[in-house]
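Chemist: What would the 3D arrangement of this be:
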Amino acid sequence: MSLKEKIRADIIKNRQRLEKLGPGLITGGAGDDPAGIVTYTMVGASAGFSQLWLLLLSTPMMIAIQNMVARIAIVTGKSLPEITTAFYSKKLTVVMIFVLAIANILTIGADLNAIAAILHILSGFPTVYFLIPITALIAYLITFGKYRSIKKILITLTVVLGVYILSAVMAKPPLLAILRNTFIPNMEFERAWVIAALALLGTTISPYLLFWQAAEEKEEKKSVVQAYEVDLDTMIGMIWSNLLAYCIIITGAVMLYGTHADIQDVGTLAHTLRPVSDDYAFALFSFGIIVSGLLAIPVLAGSTAYAVADTFGWREGMDYKVSDAKGFYIVFVGALIVGDLVDIIPGITVVDALYYSQVLDGMLIPVLIGIAMMIANNRRIMGEYLPGRWGNLFTLFALLVTLGLTTLMVWQWITS
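Modeler: The predicted structure follows:
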């Protein structure tokens, strides 16, 4: 084989590998939704670069737990609700899905509001004018699109989120300070630092990401011999997710650390950033918020629809027509509509929606990780495809961290 033919063969081989990426990459990108972007920016604004090492620490945890649920899905051919119903209890499944649905809908409301808030700032029209068109666009694409087409759109949006890397570079951060805070743990015990650390770790691992990836691996109909591809897809997706979060924290730290800015949602964040950033930086931030919302909202609504459909044995999947999977699409569109109502009903603020969704997510994620670990290490279920020592170690660490976060979060909720 000539050198030219070898290069051509390598290009084709690498292209085929890239084409097989999907659920893991999309899951990673969806983790950086508008609510997450606000959280990461607030971390940078309140704690500077001092928590960058936590993102480095959380990356193998994310890879381990997402890879575990993905492997369970391809080995068993079942989603998480189907597995918990089959091997544990239908009542447990229903309770989990109920909590997941409420948390997801609250987050959908916050993310829809975030896109509308950016469009309001750019156009001057009230945010409420944008809610229904955004919802209708997402509902139309998912309801009438084919799975492969939807997958390509979501992957494109995931890649476009790289604008936050460009934003961090344009902020011209001090490289030595970044490297020092990335590789040398820097722990403080002031209230603001602790709250920021809880928000950061709580945002990186979310229940809906576990449900979404497991459902999509099932939708992809991969066989157990493709486990390596799933591992690679998940690893790339989680690294990409935390790289984006890393850059968002850096940008927030450079622009806002020490200003004592009162950031509560995307609107106040945008108004705070605009005076301290140039037009290009603000445009990148605004574009990133819109793209991240258009990526995360379908994943949030989709994970809810998959979970509810699988719990009650309904036909589900984005390759089915609406008439063939009515329950699945009703839940999907219903989640979007109720998310709109969260923004419209007086008395419910975006801050409240984010707060209570985080509390519910915090209560659910340790349970899900514990169940995933028990299933993944059950030879009767998984056969020879048991997780490795390091996968179990990092997943156990994730379980302990999320359990600790849950305890602190619930305690704050009770005592507040």
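
Chemist: Double-check residue 63 against residue 232; I have them as touching.
Modeler: No: shown here, residue 63 and residue 232 do not form a contact pair, counting by Cβ atoms under 8 Å, at 10.6 Å. Using the backbone N, CA and C atoms, a C-beta is placed for each residue, glycine as well.

Chemist: Who has more neighbours out of the two?
Modeler: residue 63 (26 against 16; other Cβ atoms under 10 Å).

Chemist: quick one, what contacts that one?
Modeler: Counting by Cβ atoms under 8 Å, 6 or more residues apart in numbering, residue 63 touches 234-235, 238-239, 394.

Chemist: Need the pLDDT of residue 355.
Modeler: In this model, residue 355 is scored at 67, pLDDT.

Chemist: Need the contacts of residue 63 in a markdown table (columns: pLDDT).
Modeler: Below are these laid out as a markdown table (pLDDT from 0 to 100):
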| residue | pLDDT |
| --- | --- |
| 234 | 84 |
| 235 | 87 |
| 238 | 89 |
| 239 | 91 |
| 394 | 91 |
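
Chemist: Go through these and say which is closest to residue 208.
Modeler: Nearest to residue 208 among the contacts of residue 63 is residue 238, at 14.9 Å by Cβ to Cβ.

Chemist: burial count for that closest one?
Modeler: 28.

Chemist: Find the helix or strand that it is a member of.
Modeler: Using DSSP states H and E, residue 238 falls within helix 227-256.

Chemist: packing partners for that helix?
Modeler: Applying 3 or more Cβ pairs under 8 Å, 6 or more residues apart in numbering; DSSP states H and E, we find helix 227-256 packed against helix 23-30, helix 34-47, helix 52-76, helix 163-170, helix 191-204, helix 266-276, helix 279-311.

Chemist: how about those helices in JSON lines, adding distance to residue 330?
Modeler: Shown next, in JSON lines, are these (distance: least, Cβ to Cβ, whole Å):
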{"stretch": "helix 23-30", "distance to residue 330": "22"}
{"stretch": "helix 34-47", "distance to residue 330": "25"}
{"stretch": "helix 52-76", "distance to residue 330": "24"}
{"stretch": "helix 163-170", "distance to residue 330": "35"}
{"stretch": "helix 191-204", "distance to residue 330": "30"}
{"stretch": "helix 266-276", "distance to residue 330": "29"}
{"stretch": "helix 279-311", "distance to residue 330": "8"}
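
Chemist: Please tell me how far residue 186 sits from residue 197.
Modeler: Distance of residue 186 to residue 197, computed by Cβ to Cβ, to the nearest Å: 11 Å.

Chemist: hang on, isn't residue 328 packed against residue 310?
Modeler: No: Residue 328 is not in contact with residue 310 according to Cβ under 8 Å; the separation is 9.3 Å.

Chemist: who touches both of these two?
Modeler: Counting by Cβ under 8 Å, 6+ apart, the residues touching both residue 328 and residue 310 are residue 316.

Chemist: which one of these two has more residues nearby?
Modeler: residue 310 (25 against 22).

Chemist: follow-up on the earlier one: quick one: common contacting residues for residue 186 and residue 197?
Modeler: Counting by Cβ under 8 Å, 6+ apart, the common neighbours of residue 186 and residue 197 are residue 51.

Chemist: Those two - which one has more neighbours?
Modeler: Ranked by neighbour count (other Cβ under 10 Å), residue 186 and residue 197 place residue 197 first, with 18 against 15.

Chemist: Residue 54 is in contact with the more buried one, correct?
Modeler: Yes: between residue 197 and residue 54 there is a contact under Cβ under 8 Å: 6.2 Å.

Chemist: how about the helices in the stretch 301-416 of the chain?
Modeler: Assignment of helices within the stretch 301-416 of the chain using DSSP state H, counting those that start in this stretch yields the ranges 326-344, 350-376, 379-382, 389-415.
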